[in-house]
Each structure stands twice: as structure tokens, then as C-alpha cells.
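Peer 1: got a sequence here, can you model it:
(one chain, ligands or ions: 1)
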Amino acid sequence: MIMQGGIKMSKKKTTVAIAKEAEIQDSVTKVFDLLGGVEKMLKPNATIVLKPNAGHAAGPETSVCTNPEVIRAVIHEVRKANPKKIIIAESAAIGCDTIECFKLSGIGKVALEEGVELIDIKREKDLITLPVRNNKSNISSVRIPRFLLEADHIINLPILKAHASMVFSCALKNIKGTVQDKVHIEMHKQNLAMAMMDVWYAVRADINIVDCIRPAGGYGPHTPVPLEVGCILGSYDPVAVDMIACDVIGLDTDKVDYFKVAAEAGFGTIDRNDIEVVGKQVKDVYKKLWIPYIGGMQKWPEYNILSDNACSSCQAMLALNMETLKAIGEYDKNAGKTVVIGRKDSIPEGIPKEKLILHGNCTRKWKDRGLFIEGCPPGETSMYMTIKEEIVVDGRGDQVETLIRPGQKADQPAWKKYVFEQAEKFYAEHKNDQGE
Ligand code: SF4
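Peer 2: Numbering: from 1, shown residues only. Predicted structure coming up:
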């Protein structure tokens, strides 16, 4: 309650809608209705861009990309507002072909069946350079396709999933897929959370509809383990919707650093007192999802892990890479090595260079004393490959072709088997924590 001129006034809360109906279409319609009704939310005769997550070439059964049936349901809903044009647009992850991603995810087929235009942002030539005011990262401007800036509405359509470099991916992270590879690569060279906020500054989605039908836990985005949850969430506020989506799957938001960054940047609220959940409540749809990226940094006692002050992104990378070493039979062989993540005032003396892994830009100060891997956070497989090979594996030179891709391919079967065994164990242990 706030006082204005002696009159008590209630501060307007941010609305997050949750729907869980038998059909995806009914859930999507319900969410739009709970947010005010699609005809009121969208201008008539508008150009509407739908931004799904189609960042990797993977089928709908993997939950790596937004469920194509969620996209179809949103198209049907949006059509009630008589738009001039509906576009589905994406710029897939670095090294991924967006058209291939549209095809394998099933999103291309939905676009064709519904008569909706598909745009690969990576191939767009008509770009506008936008300065980023008060930039949080080193990104002072971003080049954005003209059609995105001229659209009347951008509807953000993320899927909720575990993500190695950010712990989880949902509404906030999905907007990263509106820039071309050049900006994308720049973003990965510095603090990714801050860089994401700078992209949000340039590209603001006005509505966020979250696919939480089968969110992907596990070691997403590359080794996902989906879980049936069956709901859709929606909000005008990308921060609030991400917070509530995390509540739905039992992910502790206090352990994910970029919520604070997003709230400070003014993109939404992280204060649950300011969020009103309408429709279903969290307890009605709650399911504990296995996201093994944070918590328990002492899980690898055979190594000397110095992880104080590390943010959640580097913690997630640590979990991913240490577990990969276990899966491929390299963990015991390399026991005793020291891994440093996060900013430090000092590190132990006398460690042989090849046994000291300095992971991430926070450790740059000590770069001459060990194997320093650049990035904030560095690439997803850099740490375990560096430990295994005893040279810095960061993708420079021809490493991607000669070392990283062949290594990943060889390690994949053992890794997948290991992840699914761990998932089974987790869900057996948490069978009484799967909601009502
Ligand atoms: S290097 Fe790692 S710990 Fe340091 S800010 Fe970047 S992601 Fe966080």
C-alpha cells in the first residue's frame, strides 16, 4: 500500500497467468484471456513477430526448442485480433543453421501449414544499428533487423529448459536469439547476463508466453531430460514470468544471478509481493525438475575446486564439466588437479601449470600460472577438455574441427547414458516432491 495525498492506494501488481487445460490450444487461449484478452492486447491490423526458441537443430520430443503446437496455438489466438501479418523469426545458436533448426523442431512445418512467414534473422541484410544507453556489458550498440524494430508487437515464445551457461533458459534468455552471430559471439566474450540485458534494451518483447508443457531438465540445452508439466505461463513482464516458471519447477531463484541483473536493469520485478499469479497457482502445477547445474559445489572432493565468488553461470559449467569427466572415465585419471572459478585475491602457489585450470575471465589475473580459459562463462566443453588434454581448449585456431567436435562426438554416447541414469536416480529420490 502506498500513500498519495493522504489517500491509500494499492500498487498495481505484475500479473503472471498460468493455465493447464487438457489441450494446448485451450491453455494458450486461457493465458491470453487471463492477461486481458488478445483483442485488447494487440493493436488491430498489426504486424506481429513470434520469437520462439528454435536455437538448436533438435526434434520436438527433446524439448530443446519451443513446442511447435504451442506456436500453432499462439498463431490461432493472435489471428482473433485481425493482424496484418504474422512472422516467426529466429537467429539460432552460434554454429547452428536457423533453417535447419526450424525444420527439425517442427516449427517450419507449422509455419507452412498456418501460412505464416518464417525469417532467419542470421540471413537478414536490412539491419539498423541501435546504441545501447547505459550498457551493462561492453556492447554499446547492436545491429537489429529492421522488420523487428518496425513490428507492432514482439511475442516472446520461450520453452523453459535447463541451460549450461545460464542455469536455465526462459523468457529473458530467449531474446538473445534476435541478434546475428557477430553480436552473439561478442556476448559470449564478456558477462553474458549483462550482455543479454543490453540486447533486451534494444529488442523488447511486449508479451511473453512460456512453453512449460514438457520443460527440459538435465544438462540442457544439449542433453535435455524433459518432464511432463503441461502448463503455459504468460506475462507482460519477462522477469516475473521467469521467476514464477522457476517456482513451478522448484528451481531456487536466489541461486540464479541474472534475476538481480534484470531487475536492476528495469526489465521487470523479482519481488514476489509485487507479482499476482492468476489462473492456476504454482502449487496446482508444481513438478520438481532435475536441474543439476547449481548447489553442492563440494561434489567433487577428488579435485581442488576453488569456487568462491563464482556466479551461477560458472558454477553450472563446473557441474557440467566435472560430471562429463565422470561419464567418460576421465575423472579419476585427473584427480588432484585444481580448478579455479570466480574472482580471487590469491590462489595457491606451486601448482604445475598443466594441473591448474583457470576457468573464465574472473581468473585472468593468474593466466600465466595455469591453463587459462577465456570467456564469461567460457564455452560449454572447454573445462573438461582442458583438464583431459592438458592444453587450453577454447576453440581457437582449428580446435573446433580437430579437437572439440570429434571429442564431443566420441564422448556423446557415454555422456547420454550417464545423464539418463542420473535423471532416473533423481526422480526416484524425489518421487514425493512432484506436486499434488
Ligand atoms: S567468468 Fe564466470 S564467475 Fe566470472 S563473471 Fe563470468 S561467468 Fe561469472
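
Peer 1: how close does the nearest residue to residue 340 once chain neighbours are set aside get to residue 293?
Peer 2: In this structure, residue 340 finds its nearest non-sequential neighbour in residue 306, 4.6 Å apart by CB to CB, 6 or more residues apart in numbering. To be clear about C-beta, it is placed using only N, CA and C from the backbone, and glycine gets the same treatment. Taking CB to CB, to the nearest Å as the measure, residue 306 falls 19 Å from residue 293.

Peer 1: more neighbours, the two?
Peer 2: Neighbour tally, residue 306 and residue 293, criterion other CB atoms under 10 Å: the higher count belongs to residue 293, 27 against 20.

Peer 1: if I pick the more buried one, what's in contact with it?
Peer 2: 162, 163, 164, 167, 168, 219, 312, 315, 316, 319, 320 (CB atoms under 8 Å, 6 or more residues apart in numbering).

Peer 1: any idea how far residue 251 is from it?
Peer 2: Counting by CB to CB - residue 293 and residue 251 are separated by 9 Å.

Peer 1: kindly list the longest strand within the chain.
Peer 2: Ranked by residue count, the top strand of the chain under DSSP state E comes out as strand 207-219.

Peer 1: compute the inter-axis angle for the lengthiest helix in the chain and strand 207-219.
Peer 2: Secondary structure of the chain per DSSP state H: the longest helix is helix 405-429. Per axes from the mean of the first three to the mean of the last three CA atoms, to 10 degrees, the angle that helix 405-429 makes with strand 207-219 is 90 degrees.

Peer 1: returning to what we had before: overlap in contacts, residue 293 and residue 251.
Peer 2: 167, 168.

Peer 1: just the pLDDT at the closest residue to residue 113 other than its chain neighbours, thanks.
Peer 2: Distances taken as CB to CB, 6+ apart put residue 72 closest to residue 113, at 7.7 Å, once the chain neighbours are dropped. Looking at residue 72, its pLDDT stands at 98.

Peer 1: thinking again about what came up before, what distance separates the longest strand of the chain from the centre of its chain?
Peer 2: 10 Å (CA atoms, centre = their mean, to the nearest Å).

Peer 1: keeping just the C-alphas, turn that strand into PDB.
Peer 2: These are the backbone C-alpha positions of strand 207-219, laid out as PDB (Å, rounded to 0.1, in the frame of the first residue of the first chain):
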ATOM      1  CA  ILE A 207       4.200 -10.300 -24.300                       C
ATOM      2  CA  ASN A 208       5.900 -13.500 -23.000                       C
ATOM      3  CA  ILE A 209       4.200 -16.800 -23.400                       C
ATOM      4  CA  VAL A 210       6.200 -19.700 -21.800                       C
ATOM      5  CA  ASP A 211       6.000 -23.200 -23.100                       C
ATOM      6  CA  CYS A 212       6.000 -25.300 -19.900                       C
ATOM      7  CA  ILE A 213       4.300 -28.300 -21.500                       C
ATOM      8  CA  ARG A 214       7.400 -30.600 -21.300                       C
ATOM      9  CA  PRO A 215      10.200 -28.400 -19.900                       C
ATOM     10  CA  ALA A 216      13.700 -29.900 -20.300                       C
ATOM     11  CA  GLY A 217      15.800 -30.600 -17.200                       C
ATOM     12  CA  GLY A 218      19.100 -32.400 -17.200                       C
ATOM     13  CA  TYR A 219      22.100 -30.900 -18.900                       C
END
